[in-house]
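give me a model of this one.
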Amino acid sequence: MNVPPNASPDAPGNQRPPAPLRSSRRTVLAAFAATATTAVPLLAGTPADASARQPRDHDLLYVGTWGENQLHAVRFDPADGSMTSLGAVVEVSSNWVVAHPSRPLLHVAGAEPGGFVRTFRVDDRSGALIKTGEIETEAVDGASGGLSYIGLDTSRGVLLVADFATGSAAAVTVRPDGSLGAVTSSIQDTGSGPNPRQAGPHVHHVVLDPSGRFGLVADFGADRVFVRDYDRKTRRLSAGASERSYATEPGSGPRRLAFHPNGWTVYLLNELTADIETLRWDARTGELTARQRMTTNAPGHTGTTSAAELALSGDGRHVYVSNRGDNTLVVFSVDPRTGLLSEAQRLSCGGTTPWSLSLHPGGRWLFVANKASGTVNLFRVDQRSGLLTDTGISVPVPAADCVAIHRVRR
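Got it, this is the predicted structure:
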């Protein structure tokens, strides 16, 4: 399936079957035949030789696939950066995947009508997955599905759900054992923008502020970041007494949000204009104020404009962005006093259409899901300067859209 590089999750794609994959450098899959199944486990365990080669200390990467109806696994050794593909481990729609930080669990967001989120238990040794639960998150019966993001906040016991297709944001209770409970709330956005893809609201991201009193909702279709009240006891999002929102430039398409550790700086990545904004956050009033706006496009850029992913280093010193129009990664340095950005580096993403990127918790590695080239590429992070080096290492994953990192218990 060919998807324009600036496409957002707004329709399920064609489904294709699993195929055994081998790790390689700069490997791109050639073709897959069409078929369809959902939430079917494929990997009962790794082959004997693969299990014997398992490194003593390793992590597991779970890679969602856009429209391929598969979830892939990769064994990763953080000591030397080696990656070993385990291939497709389950047949399931996987628009977004998130790993529990302390339990062997994955939550997987699908594209089907109903806004399904499915939970799987991880076998640390083999990488195999066993389905343990499923919930439906959409507030409107019969609405076409298309979840664009799920975010897990275990400290507050909530899973936040962004439904691109319906333009709604939901909150789901997370039990102490990591399983999902009830949908506590679902709020419908309103609004539109001038771009043909902005005929109505399309929620792309939901995140809680550091105080836990507010939820920020980036709405691609409405050109707004809506500020919702969040009740920490009931784990509910609500519109509150008055409508609060931050209006972006018309046609910008807000996509991703990230709070700086200082608690009063927010970074907003806009997809359609491919720029990043630095905003001031007032936790008392729930207001956002514009401070800075910078392009992520290369000088002299022409053609498609599309930014995709935003990540912040653990120490708050660097911001990483993927640009699908230029097929680049952009690194920004953060001024420690003001939170403002300056461009530090621009380099190739190692493939085509960098749909998302993920920083390893250890801080030394960055993974890029290159959708069109069908690879997950590995970059080394200089922890002093924050700059990236392409390792040349990649594994093939068809239509890779996101990378969730499961830390295997030592």
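
what's the first helix or strand after the lowest-mean-pLDDT helix or strand in the chain?
Among the helical and strand segments of the chain, the one scoring lowest on mean pLDDT, DSSP states H and E is helix 48-52, with a mean of 39. Once helix 48-52 ends, the next helix or strand along the chain (criterion: DSSP states H and E) is strand 59-65.

what's the distance between N195 and E271?
According to Cβ to Cβ, to the nearest Å, N195 and E271 sit 10 Å apart. C-betas here are computed from N, CA, C, even on glycine.

these two: who's more crowded?
E271 (26 against 18; other Cβ atoms under 10 Å).

what helix or strand does the closest residue to V408 other than its chain neighbours sit in?
Excluding the flanking residues, the one nearest V408 by Cβ to Cβ, 6 or more residues apart in numbering is D124, at 4.7 Å. Per DSSP H and E: D124 is located in neither a helix nor a strand.

residues near D124, how many?
By other Cβ under 10 Å, neighbour count at D124 equals 15.

just use 15 as the starting number from now, easier for me
Yep, numbering from 15; the last one is D138 now.

neighbours around F178, how many?
When neighbours are defined as other Cβ under 10 Å, F178 has 26 of them.

how close does the nearest residue to it once chain neighbours are set aside sit to G328?
Computed as Cβ to Cβ, 6+ apart, the closest residue to F178 that is not its neighbour in sequence is S162, at 3.8 Å. According to Cβ to Cβ, S162 and G328 sit 25 Å apart.

next one: V186
26 Å.

so these two - more neighbours on which side?
Using other Cβ under 10 Å, the more surrounded residue of V186 and G328 is V186, with 23 against 12.

so that one touches T151, yeah?
Yes: with contacts counted by Cβ atoms under 8 Å, V186 reaches T151, the gap being 6.5 Å.

overlap in contacts, these two.
V131, V175, V197 (Cβ atoms under 8 Å, 6 or more residues apart in numbering).

pretty sure the last one sits in a helix.
No: using DSSP: H, G, I helix; E, B strand; the rest coil, the assignment for V197 is strand, not a helix.

so what's it up against?
So V197 contacts I149, E150, T151, A184, A185, V186 (Cβ under 8 Å, 6+ apart).

now do 7 Å
I149, T151, A184, V186 (Cβ atoms under 7 Å, 6 or more residues apart in numbering).

wait, A123 sits on G160?
No: contact criterion Cβ atoms under 7 Å: A123 and G160 do not qualify, at 9.5 Å.

in the stretch 315-424 of the chain, which ranges drop under the pLDDT threshold?
Applying pLDDT under 70 to the stretch 315-424 of the chain flags residues 424.

tell me where it has strands.
Remark: strands assigned in the stretch 315-424 of the chain by DSSP state E, counting those that start in this stretch are 321-326, 332-337, 342-348, 355-362, 368-373, 379-384, 389-395, 402-410, 414-421.

my read: D73 touches P92, true?
Yes: using Cβ under 7 Å, D73 is in contact with P92, at 6.1 Å.

neighbour count: those two, which is higher?
Using other Cβ under 10 Å, the more surrounded residue of D73 and P92 is D73, with 20 against 17.

which ones are touching that one?
Taking Cβ under 7 Å, 6+ apart, one finds F90, P92, I419, H420, R421, V422 in contact with D73.

nearest spatial neighbour of it, skipping sequence neighbours?
Nearest one to D73, counting by Cβ to Cβ, 6+ apart, is F90 at 4.8 Å.

for the one you found, name its beta-bridge partners.
D73, M97 (DSSP bridges).

which ones are touching it?
F90 touches H72, D73, L75, M97, counting by Cβ under 7 Å, 6+ apart.

swap in 6 Å and give it another go.
F90 makes contact with D73, L75, M97 under the criterion Cβ atoms under 6 Å, 6 or more residues apart in numbering.

number of nearby residues for the second one?
L75 has 27 neighbours, counted by other Cβ under 10 Å.

host element of the residue lying closest to it once chain neighbours are set aside?
Closest residue in space to L75, ignoring its immediate chain neighbours: V88 at 4.1 Å, by Cβ to Cβ, 6+ apart. Per DSSP H and E: V88 is located in strand 85-91.

what angle separates that strand from strand 414-421?
50 degrees (axes from the mean of the first three to the mean of the last three Cα atoms, to 10 degrees).
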